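Asker: after the sequence you'll find the predicted model.
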Amino acid sequence: MQPVVSPFPRIGPRLGCAARKGLRTLLLSSALLASGLNGVCAQTVGDDDAVATQQLNLPKDVTVFGKGDPNVRKATAIVNGRIITGTDVDQRLALIITANGGKVSDEEKERLRVQVLRNLIDETLQIQEAAANDIKVDKAEIDQSYERVAANFRQSPTQFDQYLRQQGSSSASIKRQIEGELAWSRLLRRNIQPFVNVSEDEVKSVVDRMNAAKGSDEFRIGEIYLSATPENQQQIVANARNIIDQIKQGGSFAAYARQFSEASTAAVGGDLGWVRPAQLPDELAQAATEMQVGQIAGPIGVPGGVSIIYVMDKRKVLTADPRDALLSLKQLSVAFPTGTTKEQASARAATFAAQTKAIKGCGQANELGAKMGADVVDNDNVKLRDLPPQLQDILLNLQVGEATPPFGSISDGVRVLVVCGRDEASAAAAPNAEQIMAQMEEERVNKRARIYLRDLRRDAVIDYN
């Protein structure tokens with residue numbers, strides 16, 4: 001069963017370093033970078049601290065009177081009259097725990113609980129603001145979206161309901177996320193998108209820069225952004241490190257990004273798309289250029305908070321990439337009987353490797369598979385880039401008719417791939433003007449959406465019980 005992660009999270013975008021420096025706002029996932037990167041924006045944070053102190057006329061030595069431990073509060077709130085119950089928090093938290101295979105410590109659960117409550121508050125504000133603008137999402141539309149989510153897991157809505165209940169969650173929790181996402185998106189389309197304009201000169205400038213950058217490195221980056229103030233900087237950094245630890249232990253980067261990132265890209269699992277280093281804040285650009293595909297780094301200090309980044313892929317700008325080649329493959333696989341030991345599996349894999357090494361083209365694969373008792377499956381039009389990174393590196397150097405070394409596990413068995421054909425990739429074409437304009441408009445809508453949500457938070461009346 002795949003992790004349950006709703007594709008309809010809240011939108012909580014932010015303004016990153018690049019936007020503040022006047023660069024393009026196309027910003028808004030294994031190993032940690034050297035500790036020197038963690039404090040790249042430390043001077044900026046320190047300056048912001050001093051400015052904030054001067055603006056608010058705060059004393060240098062602060063004495064707190066009375067108790068203000070936030071842990072004393074229960075995880076419930078009333079947002080402008082709308083109740084968020086402890087059950088709401090528990091069921092949303094259960095989705096995150098499920099997405100991480102249930103491997104979440106009690107300490108981490110408490111941190112997640114606090115963040116989930118914040119997410120639910122933002123979600124409630126978005127639904128309320130949409131309703132105030134006569135925007136309401138019909139129940140039938142929510143049900144249709146829920147059916148699509150269930151279909152992604154090859155289940156009927158009834159089966160998916162039962163599965164969620166077994167995990168300690170409910171269909172109501174996902175449907176609330178769906179409602180919040182749809183309502184907020186429609187509100188932005190009505191109140192913000194019509195007033196965002198991108199000129200033809202701006203589009204031409206982007207096209208010119210892309211052509212000038214032909215052949216340079218381009219990265220597909222995932223980002224989790226957590227906002228921070230000087231007062232809670234240490235806590236946010238600690239939270240970011242806990243998220244990294246959970247992801248390294250098998251947690252879903254996309255799941256954490258959807259639930260906790262405060263960037264606009266939270267809705268798509270933190271995916272920034274394809275970006276060049278010049279489009280990123282300096283701190284993130286430096287990290288990305290030093291990372292390999294599949295690595296995660298952070299927390300990296302940026303103005304206003306910290307970021308965790310994940311290099312999902314890498315390619316050359318507007319240049320044919322060998323990893324975009326289409327392959328025709330034959331897969332030979334042998335399953336291990338229940339109870340097979342590691343030593344027995346290794347011996348069987350060695351025999352399998354010796355037999356498959358003698359394959360001379362795909363014409364012999366079926367005959368050899370029958371002799372070994374292996375299943376043989378044809379796979380055509382497989383994009384090399386879509387395969388696991390370890391296999392990509394092997395297949396890049398194989399000629400037609402050659403086979404990979406055996407790979408697999410005791411539970412999944414052992415298998416090899418035989419290359420039957422290869423269609424090399426053609427040079428990538430630049431996005432057309434309409435695509436670039438649409439992308440720039442979306443970036444500007446997201447920037448205004450951040451301000452919109454910030455103002456809703458400031459004006460909200462929230463009671464914690």
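Answerer: Received, thanks. Numbering: from 1, shown residues only.
Asker: buried stuff in the helix or strand harbouring residue 437?
Answerer: Element membership for residue 437, per DSSP states H and E: helix 433-459. Buried residues in helix 433-459, counted by 16 or more other Cβ atoms under 10 Å: 436-437, 439-440, 442-450, 452-453, 456. C-beta here means a position set from N, CA and C on the backbone, and glycine is covered the same way.
Asker: which helices and strands sit right next to it?
Answerer: helix 106-132, helix 171-191, helix 200-212 (3 or more Cβ pairs under 8 Å, 6 or more residues apart in numbering; DSSP states H and E).
Asker: which residues of the stretch 151-300 of the chain score low on pLDDT?
Answerer: 213, 215 (pLDDT under 70).
Asker: coming back round to it: identify whichever of the helices and strands packed on helix 433-459 lies nearest to residue 88.
Answerer: helix 106-132 (6.0 Å; Cβ to Cβ).
Asker: give me the buried positions along the closest one.
Answerer: Buried residues in helix 106-132, counting neighbours by 16+ other Cβ under 10 Å, are found at 108, 111-113, 115-117, 119-130.
Asker: equivalent analysis for stretch 414-427, please.
Answerer: For stretch 414-427, by 16+ other Cβ under 10 Å, it's 414-420, 422, 425.
Asker: in TSV: the helices and strands packed on helix 433-459, plus distance to residue 258.
Answerer: Listed next are those as TSV, based on distance: least, Cβ to Cβ, whole Å:
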stretch	distance to residue 258
helix 106-132	10
helix 171-191	9
helix 200-212	28
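Asker: for the stretch 351-465 of the chain, what spans make up the helices?
Answerer: With DSSP state H, counting those that start in this stretch, the ranges of helices along the stretch 351-465 of the chain come out as 365-372, 389-396, 433-459.
Asker: gap between residue 398 and residue 332?
Answerer: 15 Å (Cβ to Cβ, to the nearest Å).
Asker: using the three-state scheme, assign residue 338.
Answerer: State at residue 338, reduced to three classes by DSSP: H, G, I helix; E, B strand; the rest coil: coil.
Asker: for it, grab phi and psi.
Answerer: Phi and psi for residue 338, reported as degrees, to the nearest 10, are phi -60, psi 140.
Asker: that one: neighbouring residues, count only.
Answerer: Residue 338 has 6 neighbours, counted by other Cβ atoms under 10 Å.
Asker: what do you get for residue 321?
Answerer: Residue 321 is flanked by 18 other residues according to other Cβ under 10 Å.
Asker: with residue 399 instead?
Answerer: 7.
Asker: residue contacts, the spatially closest residue to it that is not a sequence neighbour?
Answerer: Nearest residue to residue 399, sequence neighbours excluded (Cβ to Cβ, 6 or more residues apart in numbering): residue 419, at 7.0 Å. Contacts here follow Cβ atoms under 8 Å, 6 or more residues apart in numbering; on that basis residue 419 touches 327-329, 362, 395, 398-403.
Asker: before we move on, back to that, rebuild the helices of the stretch 351-465 of the chain as JSON lines, extending it with distance to residue 231 and mean pLDDT.
Answerer: Shown next, in JSON lines, are the helices of the stretch 351-465 of the chain (distance: least, Cβ to Cβ, whole Å; pLDDT from 0 to 100):
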{"stretch": "helix 365-372", "distance to residue 231": "64", "mean pLDDT": "78"}
{"stretch": "helix 389-396", "distance to residue 231": "40", "mean pLDDT": "79"}
{"stretch": "helix 433-459", "distance to residue 231": "17", "mean pLDDT": "83"}
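Asker: wait, which of these is closest to residue 247?
Answerer: helix 389-396 (16.3 Å).
Asker: CA atoms of that closest one as CSV?
Answerer: Taking C-alpha atoms only, helix 389-396 is exported to CSV below (Å, rounded to 0.1, in the frame of the first residue of the first chain):
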residue,chain,number,x,y,z
PRO,A,389,19.5,6.4,-10.5
GLN,A,390,21.6,3.3,-10.0
LEU,A,391,20.1,1.6,-13.1
GLN,A,392,20.4,4.8,-15.1
ASP,A,393,24.2,4.8,-14.7
ILE,A,394,24.4,1.2,-15.8
LEU,A,395,22.1,1.4,-18.8
LEU,A,396,23.8,4.5,-20.1
